[in-house]
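> take this sequence and fold it.
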Amino acid sequence: MRVNSQTLTIGDPIVRPRDAAEYLGIGRSSLYRLIDSGDLPKPLRLTPQASGWRLSTLEEFLQEREEVSK
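I've put the predicted structure just below:
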């Protein structure tokens with residue numbers, strides 16, 4: 001995940017789509033397929049042009065995937 005002067009590093013930060021795909025280890029098209037299939041929740045709409053997920057949402061998604069694959 002990219003970190004810059006505008007990235008809040010405390011609490012539960014918002015992760016933009018590019019960074020979310022990188023965090024999950026998938027491409028952005030795969031990210032949107034997961035949303036379309038209902039496997040990944042829709043992102044929060046921050047502004048008309050910006051959206052993202054809370055980091056905790058992405059962590060929960062990965063944890064659920066780990067549980068399913070056991």
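> for the host helix or strand of Leu58, the distance to its chain's centre please.
Under the criterion of DSSP states H and E, Leu58 resides in helix 55-68. Chain-centre distance of helix 55-68: 10 Å, with C-alpha atoms, centre = their mean, to the nearest Å.
> against which helices or strands is that helix packed?
With contacts taken as 3 or more C-beta pairs under 8 Å, 6 or more residues apart in numbering; DSSP states H and E, helix 55-68 sits against strand 14-15, helix 17-24. For the C-beta atoms, the positions are set from N, CA and C on the backbone; glycine is no exception.
> point out the most buried one among these.
Among the helices and strands packed on helix 55-68, strand 14-15 has the highest mean neighbour count (mean count of other C-beta atoms under 10 Å), at a mean of 21.
> one step back: taking helix 17-24 as reference, get the angle to the helix holding Leu58.
Orientation check (axes from the mean of the first three to the mean of the last three C-alpha atoms, to 10 degrees): helix 55-68 against helix 17-24 gives 40 degrees.
> if I look at the residue minimising distance to the centre of the chain, how far off is Ser37?
The centroid of the chain falls nearest to Ala20 when counting by C-alpha atoms, centre = their mean (3.7 Å). Ala20 sits 16 Å away from Ser37, going by C-beta to C-beta, to the nearest Å.
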